[in-house]
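J.: Below is the structure, and that's it, no one-letter string:
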Ligand code: DOR
């Protein structure tokens, strides 16, 4: 006889409106309908119940950058925002540019992460692409077409060759497409000018032109409607480009400094109007310390923390009628899982049993509510809906400020060969 479900989420309203009880056993959904007995039952009447999010673009730092963030604080921040899977970017110090570095990173995350995780491989001219795939790299990149914080740009020839090699191992190339012009970098408007919308559009087209081998491309953090129109791979957009413009900050406030830059209010609105053309929302969670962000604009590092505020900001827009709930679920959970080839979280039998439960009530964001080590946010006072409870594999891993330890997994890429 089958054992009882370990958890039943009762009175869950599905996106199409039907109300069901969801039974979860051994980490997966085993029944959606009426329910029987279980060890734990949670009443979800009146709540938003979302398949937990997959944030396919985070910088969890650690190592020499542990003053900014580490796996414990970064994964708490993820769970506190309804994210149960993070895909870590390889521009760590040291970078993830060898199978050994990848394995060390996986070990660190296995010891300290409270959420599921995957790790991407760096892309340089001499990366052993095949070995990185076998060691379990999820995807390749972000591949820097222009330099950014802790990322060196690849030249055209090296990029073209890298795309060929990634294609040869059937990998996904994730691309940071920007172009940089010379000139002073003294405030947000000049930063926007140096890394312009026109330059981003040209970079997107150029990377696609260099992709003669038709490698699968994922275009990270596109910051303008025109870049989306130019893109032929999957398109990722961040909450900061959707909800923040440089006009909302003091003109030389480093808390608004990020690559690609925050744009004008006009560009931000145009980007939001392309919502239906966006495949994935990812945070590009890039924590830096308050001290670093207190430096002069030109010296301060680029990056905005955001893994914990991503879904809450989007749900704020669902509550006020700007966005639909199914579209938020698709862009934060189903599509990233599909692109990465990891089991989807969801309401169907067999889906990964990861959920986030939200009361339908917006609050104003304050830095002291959040769990990232960096201790600041660019979204002070923005309305957002935070989860009350988060479930990972059928176990409660976040509830009202507490983080009971669950059983997070490493999701290696599809080229992984165990023991290699
Ligand atoms: O602003 C950014 N910060 N953009 C990136 O591409 C990298 C990131 C970081 O790692 O801080």
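T.: That came through fine. Remember, predicted model here, so these are calculated numbers, not experimental data. Numbering: from 1, shown residues only.

J.: rest of the way, CA atoms for contacts and neighbours
T.: Noted.

J.: is the closest residue to residue 345 other than its chain neighbours in a bridge, and if so with what?
T.: Spatially, and ignoring its direct neighbours in sequence, residue 345 is nearest to residue 352 (4.3 Å; Cα to Cα, 6 or more residues apart in numbering). Bridge pairing for residue 352 (DSSP bridges) gives the partners residue 28, residue 345.

J.: Surely residue 352 is in contact with residue 346?
T.: Yes. Under the criterion of Cα atoms under 8 Å, residue 352 makes contact with residue 346 at 6.5 Å.

J.: any shared contact partners between those two?
T.: residue 29 (Cα atoms under 8 Å, 6 or more residues apart in numbering).

J.: neighbour count winner among those two?
T.: residue 352 (25 against 21; other Cα atoms under 10 Å).

J.: near the ligand, which residues of the stretch 201-350 of the chain show up?
T.: 258-259, 286, 302-303 (Cα under 6 Å from any ligand atom).

J.: Out of these, which is nearest to residue 194?
T.: residue 259 (10.6 Å; Cα to Cα).

J.: What count of nearby residues applies to the closest one?
T.: That count, for residue 259 with other Cα under 10 Å as the rule, works out to 23.

J.: now the one 10 residues further on
T.: When counting by other Cα under 10 Å, one arrives at 18 neighbours for residue 269.

J.: Surely it touches residue 242?
T.: Yes. Judged on Cα under 8 Å, residue 269 makes contact with residue 242 at a distance of 7.5 Å.

J.: Give me the most central residue, the chain.
T.: residue 55 (2.6 Å; Cα atoms, centre = their mean).

J.: any bit of the helix or strand encompassing it sitting next to the ligand?
T.: Assessed by DSSP states H and E, residue 55 sits inside strand 53-58. No. Contact of strand 53-58 with the ligand (Cα under 6 Å from any ligand atom) is absent, the minimum separation being 8.4 Å.

J.: tell me what that strand is packed against?
T.: Applying 3 or more Cα pairs under 8 Å, 6 or more residues apart in numbering; DSSP states H and E, one finds that strand 53-58 contacts strand 83-88, helix 335-340.

J.: which of those sits most buried?
T.: strand 83-88 (a mean of 29; mean count of other Cα atoms under 10 Å).

J.: So what's the gap between that strand and the chain middle?
T.: 6 Å (Cα atoms, centre = their mean, to the nearest Å).

J.: what residues does it touch?
T.: By Cα under 8 Å, 6+ apart, strand 83-88 touches 52-60, 78, 115-120, 138, 307-308, 311, 354, 356, 392.

J.: I'd like the mean pLDDT over it, please.
T.: In this model, strand 83-88 has an average pLDDT of 99.

J.: again with stretch 314-331
T.: Rounded mean pLDDT across stretch 314-331 is 98.

J.: and what of stretch 185-195?
T.: 97.

J.: Do any residues in it lie close to the ligand?
T.: No. Judged by Cα under 6 Å from any ligand atom, stretch 185-195 stays clear of the ligand, getting no closer than 11.3 Å.

J.: what's the offset of that stretch from the middle of its chain?
T.: 25 Å.

J.: One more: stretch 384-392?
T.: Worked out by Cα atoms, centre = their mean, stretch 384-392 lies 16 Å from the chain centre.

J.: List the contacts of it.
T.: Contacts for stretch 384-392 (Cα under 8 Å, 6+ apart): 27, 52, 79-82, 84, 115, 309, 311-316, 353-365, 396-400, 406-408.

J.: try stretch 274-287
T.: Against stretch 274-287 from outside (Cα under 8 Å, 6+ apart): 55-60, 68-69, 221, 225, 228, 234-240, 303-307, 310, 330-332, 335-336, 372, 374.

J.: Show me what residue 285 is bridged to.
T.: Counting by DSSP bridges, the residues bridging with residue 285 are residue 58, residue 304.

J.: The one helix or strand residue 166 maps to packs against which elements?
T.: If you go by DSSP H and E, residue 166 is part of helix 156-168. Helices and strands touching helix 156-168, by 3+ Cα pairs under 8 Å, 6+ apart, are strand 172-176, helix 197-210.

J.: So which bits of that helix are buried?
T.: 158-167 (16 or more other Cα atoms under 10 Å).

J.: do stretch 261-278 as well
T.: 261-265, 267-269, 271-272, 275, 278.
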